[in-house]
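Asker: pasted the sequence and its predicted model underneath.
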Amino acid sequence: MAERNPPQSVTLNVNGTSETLEVDTRVTLLDALRDHLNLTGTKKGCDHGQCGACTVMVNGRRINSCLTLAVMHEGDEITTIEGIGTPEAPSDMQRAFVTCDGFQCGYCTPGQVMSGTAVLEEFRQGWPSHVSKDLTGNADFNDEELAERMSGNLCRCSAYPGIRQAITSVATKTKEAAE
Amino acid sequence: MRPFDYHRATDLDDASGHLNASTQIIAGGTNLLDLMKLQVMTPQQLVDINRIDGLDRIEPEGEGLRIGALVPNSDLAGDERIRRNYPVLSRALLAGASGQLRNKATTGGNLLQRTRCPYFYETAMPCNKRDPGTGCAARGGATRMNAVLGVSEHCIAAHPSDMAVGMRVLGAEVEIRRADGSHTRKTLDELYSLPGERPDIETTLSPDDIITAVILPAPVAPSVQSYRKVRDRASYAFALVSVAAVVQVEGGKITRADLAFGGIASRPWRDPAVEAMLVGETPSIDLFRAAGKRLVAAAETQPGNAFKLPMVRRTLAGVLAEATGLSEPTTGTDNVGEIA
Ligand SMILES: Cc1cc2nc3c(=O)[nH]c(=O)nc-3n(C[C@H](O)[C@H](O)[C@H](O)COP(=O)(O)OP(=O)(O)OC[C@H]3O[C@@H](n4cnc5c(N)ncnc54)[C@H](O)[C@@H]3O)c2cc1C
Ligand code: FES
Ligand code: FES
């Protein structure tokens, strides 16, 4: 068996910019973002789908970038934490994490912000969860629902109360704006 | 990871032309890549089926539904028809993994995900499933996640899927495309093999077979459906025990009691003798206890997993009490109304 296979070319649309890479077939989307595109905001916690630090959006949906290969994403739209906002112009969710102390060391934070942003969209689209009382209606936004929906993002510092508060504050603000 | 070739299949013919004993289909990749990183699985080529048209739809099929093999777990759980008519399947899916994983995990890949036995994952340890003939390190080891039913001298690994337990209770069939282009269907009992002498052979599929869909029969309506999962933390953990039920009660008697179990067996488990004990009877806690006893009569436990026997008996009794109206339904127990 060959020691390594020739690199393959793949074009990803990352945060609105088309990027063509030559990668070994083994390179995960996570490693492509961090090591090939120098987008180091996305973190590697476990590399096995168990922590959520690597959460990014692919074609608008949150996934674990550590459990997918870069070569599988030809033409896909990838959004990372760098595409959500900047220090000068943070997104509402990023700002809420700062205001609510939604972190301590900050390592899980990019993943939490990506998931929190996606969870609000999932609520908007009426997705049910394991704790939804009624499967046929739309789930209410509450702390139990939020904890369940965010369970794929672990925080070693256990900043969970601040994380939930941050996401809740954005949800409340969005709801008020809609009314 | 070991080096491998990557092939993006354009259609089913192209995909099956690349499949053999040393290649693997990749769908969501959430189980396969995990195992490849640990070198538990070392395919020489991955055949990516994600760009094949037509495998990502949920369509009516007779009075039931045809679920394409690439339908993500999130979409299946959220589908309005599944939520209304097959809630036990939505519940089973929503009890599994995390939001991120369910967005990537597919219907076909979920069925064929491999065991979470810690010795299967640890390549320095013997494991008859990973390396046939090396022995089973789980026996005498840490067995909290292992099976008590359908096990063999050579393997006590449990099937980890929640979705498959929901599919099993609904009597779903898997549609398989053979290399010659023909299609065949298998029930989940026909799909999954018991470990026996060869725990490495987990299904009756050939390496060049492709799962194209799962077919759900007509909904059972009216019915009460329930999925209850017991695990070490409230979310994002595999089942220690899970119970799926589709129950009908008429005139004070149980007329249907379809039951499937996860976490306790080598494959999604169903026991016709237990169901037969319940049908025609008046619901009572004593009856449910007797059914639970029958379920585990042939169980083989290890010191580390003997707790699963009382746990599954109690979980079953609780689920049946809710499904038959003996106790108030809690979250996870849903009513399916008459189909309009
Ligand atoms: C941290 C973590 C927690 C999890 N928790 C749970 C849980 O609580 N409950 C649960 O049920 N699951 C859980 N999972 C497992 C998850 O559900 C599976 O990884 C997922 O369903 C696999 O689907 P996939 O499409 O990603 O499969 P892949 O990884 O792409 O494939 C899995 C296998 O199926 C084969 N395959 C895929 N599609 C086809 C096809 N169409 N035809 C033939 N063969 C095919 C592949 O060759 C491979 O061998 C968890 C996973 C992780 C990482
Ligand atoms: S790094 Fe991907 S889930 Fe932990
Ligand atoms: S803030 Fe440190 S891991 Fe979450």
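Answerer: Structure's in. What do you need? Ligands and ions are numbered 1, 2, ... in the order given.

Asker: quickly list the domain ranges of chain A.
Answerer: Domain segmentation of chain A under automatic domain parsing yields A:8-84, A:92-178.

Asker: B:D131: which of the ones you listed is closest?
Answerer: Within the domains of chain A, the stretch nearest B:D131 is domain A:8-84; the backing value is 21.1 Å (Cβ to Cβ). C-beta coordinates here come from the backbone N, C-alpha and C atoms, glycine included.

Asker: that closest one near chain B at all?
Answerer: Yes. Using Cβ under 8 Å from any Cβ of the partner chain, domain A:8-84 reaches chain B at A:8, A:24-26, A:28, A:47-49, A:52, A:55, A:61-64, A:67-69, A:71-72, A:74.

Asker: so B:R178 touches B:P207, yeah?
Answerer: No. B:R178 is beyond contact range of B:P207, at 11.5 Å (criterion: Cβ atoms under 8 Å).

Asker: helices of the chain, residue ranges please.
Answerer: Going with chain A. For chain A, helices defined by DSSP state H occupy the ranges A:29-31, A:81-84, A:92-99, A:109-124, A:143-149, A:160-178.

Asker: not quite, go with chain B.
Answerer: Under the criterion DSSP H, helices of chain B are mapped to B:12-17, B:32-37, B:73-78, B:80-85, B:87-94, B:99-104, B:107-111, B:118-121, B:163-169, B:188-191, B:272-278, B:285-295, B:308-323.

Asker: interface residues of chain A facing ligand 1?
Answerer: Within chain A, the positions near ligand 1 by Cβ under 6 Å from any ligand atom are A:G49, A:Q50.

Asker: residue of chain A nearest chain B, please.
Answerer: Nearest residue of chain A to chain B: A:G152, at 2.6 Å (Cβ to the nearest Cβ).

Asker: contact partners for B:A290?
Answerer: B:A290 sits next to B:M277 when contact means Cβ atoms under 8 Å, 6 or more residues apart in numbering or on different chains.

Asker: could you rerun that using 10 Å?
Answerer: B:V274, B:M277, B:L278, B:E281, B:S284, B:R313, B:A317 (Cβ atoms under 10 Å, 6 or more residues apart in numbering or on different chains).

Asker: swap in B:T107?
Answerer: Neighbouring residues of B:T107 by Cβ under 10 Å, 6+ apart: B:27-28, B:55-56, B:58, B:67-73, B:75-76, B:93, B:163, B:167, B:172, B:174, B:211, B:213-214.

Asker: find the nearest non-adjacent residue to residue 74, please.
Answerer: All of this is about chain A. A:V10 (5.4 Å; Cβ to Cβ, 6 or more residues apart in numbering or on different chains).

Asker: looking at chain B here, not the other one
Answerer: Nearest to B:S74 is B:R102, by Cβ to Cβ, 6+ apart, at 4.4 Å.

Asker: picking up where we left off before, among the contacts of B:T107, which ones lie close to ligand 1?
Answerer: Within the contacts of B:T107, those near ligand 1 by Cβ under 6 Å from any ligand atom are B:A27, B:G28, B:A69, B:M163, B:I211.

Asker: are any of the contacts of B:T107 buried, and if so which?
Answerer: The neighbour count (16 or more other Cβ atoms under 10 Å in any protein chain shown) marks B:27-28, B:55-56, B:58, B:67-73, B:75-76, B:93, B:163, B:167, B:172, B:174, B:211, B:213-214 as buried among those.

Asker: surely the residue nearest to A:E74 is in contact with A:I78?
Answerer: No. A:V10 sits out of contact with A:I78 when judged by Cβ atoms under 10 Å, with a separation of 11.2 Å.

Asker: what's the burial count for A:C46?
Answerer: Neighbourhood size, A:C46 [other Cβ atoms under 10 Å in any protein chain shown]: 13.

Asker: pLDDT below threshold where in chain A?
Answerer: Within chain A, the segments meeting pLDDT under 70 span A:1-4.

Asker: switch to 90 and redo it
Answerer: Applying pLDDT under 90 to chain A flags residues A:1-6, A:137, A:140, A:174-179.

Asker: using CSV, write down the CA coordinates of stretch B:199-217.
Answerer: Taking C-alpha atoms only, stretch B:199-217 is exported to CSV below (Å, rounded to 0.1, in the frame of the first residue of the first chain):
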residue,chain,number,x,y,z
PRO,B,199,-18.8,-11.4,15.3
ASP,B,200,-16.9,-9.6,12.6
ILE,B,201,-19.7,-10.4,10.2
GLU,B,202,-22.4,-8.0,11.4
THR,B,203,-24.9,-8.0,8.5
THR,B,204,-26.0,-10.2,5.6
LEU,B,205,-24.9,-7.5,3.1
SER,B,206,-22.2,-8.1,0.6
PRO,B,207,-19.4,-5.5,0.3
ASP,B,208,-20.8,-4.2,-3.0
ASP,B,209,-24.4,-3.9,-1.7
ILE,B,210,-25.7,-0.3,-1.2
ILE,B,211,-28.6,0.6,1.1
THR,B,212,-30.8,2.9,-1.0
ALA,B,213,-33.7,3.4,1.4
VAL,B,214,-35.7,2.3,4.4
ILE,B,215,-39.4,1.5,3.9
LEU,B,216,-41.9,2.2,6.7
PRO,B,217,-45.2,0.3,6.5
